[in-house]
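In: Show me the folded form of this:
(one chain, ligands or ions: 1)
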Amino acid sequence: MTETTKIYQNIIGNLEASSSSLESNTQLFEKYNPANKNELLGKFPQSTQEDLEKAVLVAKKAFESWRFTPAPQRAEILYKAAQITIQQKQILAETLTKETGKPIVEALGEIQEVIDTYLFFAGEGRRLYGMTGQSELPNKSIITIRQPIGICGLISAWNFPAAVPSWKVAPALISGNVVILKPSREAPISGYLLIENLIKAGLPEGCANLLFGDGALGQAISEHPEIKVISITGSVEVGKKVYETCGKMLKKCALELGGKNAITALKDANQELLLEGVLWGAFGTAGQRCTSTSRLIIQKSDWSNSFIAKLAESAKKLKVGNGLNKGIQVGPLISESHRKSVHRFVERALAEGGELICGGNILKGENHDQGFFYQPTIIKVKANSELSTQEVFGPVLAVIEVEDFEEAIKVANNTEFGLSLSIYTNDVNRAMQASNQLESGIVYINAPTIGAECGGAAAFGGWKNTGNGTREGGILALDTYTQYKTIYIDYSQKLQRAQID
Ligand code: NAD
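Out: Modelled structure (predicted):
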């Protein structure tokens with residue numbers, strides 16, 4: 001450890017809180033830069049049940065006043081946090097690049113997403129719409145309002161360590177809840193900075209707390225009876241465990257899980273647009289987005305073979321390296337173990353009879369030995385193979401050839417996941433038929449599977465094993481963090497009996 005390596009502390013009640021694990025000398029965990037495995041970014045406590053109890057106590061107290069703070073006042077804090085984030089955009093993005101490896105231009109985009117999310121949900125502070133309805137009786141009104149639920153346990157994945165926490169924290173807070181955030185051990189710093197900035201923006205004591213730790217802490221958060229809402233972004237395996245716990249406790253639970261996203265290319269597609277879209281969708285963020293394009297389902301045509309060859313040429317030219325360096329397009333994988341897992345997928349695909357089009361290996365050499373870099377890889381496979389159905393979470397594109405539109409849709413839907421599917425075509429009828437038939441929460445037409453926005457109509461989430469029907473990133477996120485209350489107001493000054501009088 002260098003002298004300047006920071007030991008991060010939990011945040012409880014707006015203060016740095018030393019973890020009880022440190023008293024018992026439990027080891028701190030370390031976070032290194034995946035582009036430079038010698039660069040230690042920080043050390044973090046493995047929080048204990050005792051730390052969790054402290055955070056819950058403080059959050060519970062904070063909820064009593066925050067829940068009744070007028071929502072427009074709550075919004076002022078999100079506006080302020082957006083301003084602080086704008087001022088710090090560059091430094092936050094650089095931290096994010098060091099933490100995840102994603103190229104700086106993508107990290108800047110992620111911080112912009114945090115800003116957009118704060119501004120959008122701050123706007124909700126003056127809406128948070130409920131409903132009004134007509135009573136069957138005279139001089140009587142019915143209104144349904146949204147109310148906060150309590151302490152929300154927010155558990156995030158490492159691949160969007162700033163944007164994903166903001167998708168959870170902002171709607172939770174604007175609705176009047178208080179939160180305990182547990183960032184991933186693989187990327188703990190951006191979440192910490194996010195909470196720090198909310199506090200700087202004036203968030204009252206205890207409304208947003210942060211505990212560092214691993215899956216055991218996530219499990220303890222899910223099981224805690226005082227934590228009334230769980231929102232988790234992660235793998236299907238973990239999501240199922242959390243859902244089971246929440247189910248037993250009848251706890252509200254939002255799951256944002258994996259994907260096996262595909263671009264479907266019909267023979268009338270605009271080839272140049274398609275080329276750019278596939279490269280960005282498959283190899284942006286080194287394929288480590290839940291929405292990454294990990295399949296290209298291409299209709300056989302007189303240009304499909306030459307297109308695949310051109311795609312391979314372009315993939316080989318992508319600049320892979322440290323995301324802080326100028327011109328880098330593809331960063332490293334998050335860890336050595338993850339790189340091994342990606343490589344094993346490739347080996348199995350080739351053993352199963354897949355045809356290697358390009359890549360397929362760990363990147364070596366002066367510019368790559370320090371990090372967990374992997375070659376952008378394209379493999380032609382059969383529709384039912386592992387590579388065409390399972391999430392890899394790396395820069396590996398499975399290409400599947402199909403005869404016609406009907407087969408393309410069938411193959412696109414042939415996975416347990418249902419997050420993001422796309423179709424490239426110039427035929428408006430085919431485009432609309434596809435958007436009707438594709439089984440996913442998000443469909444793109446003539447755009448790759450990545451690029452979700454934050455906004456009123458922009459709902460983010462998936463079908464099938466990608467989740468349990470909840471949404472983030474837009475107005476529907478409020479459904480996770482609010483409960484409805486229906487109020488009947490009788491101003492007739494007499495007893496009126498519904499269904500009887
Ligand atoms: P992961 O499932 O390993 O971990 C996610 C989080 O859950 C981490 O904070 C982890 O500590 C915690 N956790 C682990 N075990 C737990 C348990 N038993 N109880 C509670 N919490 C537990 O996932 P990851 O490797 O961090 O992220 C990659 C996965 O996330 C991919 O599958 C990706 O598709 C998915 N993802 C989904 C979305 C989405 O919005 N759908 C967005 C980003 C990433």
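
In: Contacts (any at all) between the ligand and the lengthiest helix in the chain?
Out: Criterion DSSP state H: the longest helix present in the chain is helix 104-124. No. Helix 104-124 stays clear of the ligand (CB under 6 Å from any ligand atom), getting no nearer than 11.5 Å. Heads up, the C-betas are built off the backbone N, CA and C, glycines and all.

In: And the worst-scoring helix or strand of the chain on mean pLDDT, how far out from the chain middle?
Out: Least confident helix or strand, the chain: helix 20-23 with a mean of 74, by mean pLDDT, DSSP states H and E. Put simply, helix 20-23 sits 31 Å off its chain's centre (CA atoms, centre = their mean, to the nearest Å).

In: any idea how far Ile362 is from Ala447?
Out: 31 Å (CB to CB, to the nearest Å).

In: swap in His338?
Out: 12 Å.

In: do the same with Ala349
Out: For Ala349 relative to Ile362 (CB to CB), the value is 16 Å.

In: Let me know the pLDDT of Glu366.
Out: On pLDDT, Glu366 comes in at 89.

In: Name the residue of the stretch 151-300 of the chain that lies nearest to the ligand.
Out: Gly218 (2.1 Å; CB to the nearest ligand atom).

In: can you list the domains in the protein?
Out: Per the record, the chain has its domains at 49-257+467-485, 261-445, by automatic domain parsing.

In: Dump these to a markdown table, plus distance to Ser18 and mean neighbour count.
Out: Shown next, in a markdown table, are these (distance: least, CB to CB, whole Å; neighbours: other CB atoms under 10 Å):
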| stretch | distance to Ser18 | mean neighbour count |
| --- | --- | --- |
| domain 49-257+467-485 | 9 | 21 |
| domain 261-445 | 27 | 20 |
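
In: returning to what we had before: which residues are contacting the following helix or strand past the least confident helix or strand of the chain?
Out: Note on helix 20-23: by DSSP states H and E, the next helix or strand toward the C-terminus is strand 29-33. Here strand 29-33 makes contact (CB atoms under 8 Å, 6 or more residues apart in numbering) with 38-46, 98-99, 101, 185-189, 212, 214, 371.

In: Return the subset of those residues lying in strands.
Out: Judged by DSSP state E, strands contain the following of the contacts of strand 29-33: 38-44.

In: Give the other helices and strands that the one helix or strand Leu96 maps to contacts.
Out: Using DSSP H and E, Leu96 sits in helix 89-100. Packing partners of helix 89-100 (3 or more CB pairs under 8 Å, 6 or more residues apart in numbering; DSSP states H and E): strand 29-33, strand 36-44, helix 104-124, helix 189-200.

In: Grab the CA positions of the second one and hand them over as PDB.
Out: Pointing back at strand 36-44 there. This file holds the C-alpha atoms of strand 36-44, laid out as PDB (Å, rounded to 0.1, in the frame of the first residue of the first chain):
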ATOM      1  CA  ASN A  36      -3.300  -1.500 -14.400                       C
ATOM      2  CA  LYS A  37      -3.300  -4.300 -11.800                       C
ATOM      3  CA  ASN A  38      -0.600  -2.700  -9.800                       C
ATOM      4  CA  GLU A  39      -2.600   0.500  -9.100                       C
ATOM      5  CA  LEU A  40      -4.300   0.200  -5.800                       C
ATOM      6  CA  LEU A  41      -7.300   2.500  -5.800                       C
ATOM      7  CA  GLY A  42      -8.400   2.000  -2.200                       C
ATOM      8  CA  LYS A  43      -9.100  -0.300   0.700                       C
ATOM      9  CA  PHE A  44     -12.600  -0.900   2.100                       C
END
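
In: name the helices or strands packed onto that strand?
Out: Looks like strand 36-44 contacts strand 29-33, helix 89-100 (3+ CB pairs under 8 Å, 6+ apart).

In: switch the cut-off to 7 Å
Out: Contacts defined by 3 or more CB pairs under 7 Å, 6 or more residues apart in numbering; DSSP states H and E place strand 36-44 against strand 29-33.

In: Buried residues, the strand it packs on. List them.
Out: 29, 31-33 (16 or more other CB atoms under 10 Å).

In: and if you look at stretch 4-12?
Out: Here stretch 4-12 shows 8-12 as buried, counting by 16+ other CB under 10 Å.

In: Quick one: residues in contact with it.
Out: 16-19, 28, 40, 42-45, 47, 51, 54-55, 58, 188, 192, 195, 209-212 (CB atoms under 7 Å, 6 or more residues apart in numbering).

In: Now do the SS call for the residue sitting nearest the centre point of the chain.
Out: Geometric centre of the chain, nearest residue: Val164, 4.5 Å, by CA atoms, centre = their mean. Counting by DSSP: H, G, I helix; E, B strand; the rest coil, the backbone at Val164 sits in helix.

In: contacting residues for it?
Out: Counting by CB under 7 Å, 6+ apart, Val164 has contacts 156-157, 233.

In: what about 10 Å?
Out: By CB atoms under 10 Å, 6 or more residues apart in numbering, the residues touching Val164 are 110, 113-114, 117, 154-158, 183-184, 187, 190-191, 231, 233-234, 256, 290, 460, 472-473.

In: Repeat that for Glu50.
Out: With CB under 10 Å, 6+ apart, Glu50 has these contacts: 19-21, 23-24.

In: Quick check: the gap between Ile378 and Asp404.
Out: 23 Å.
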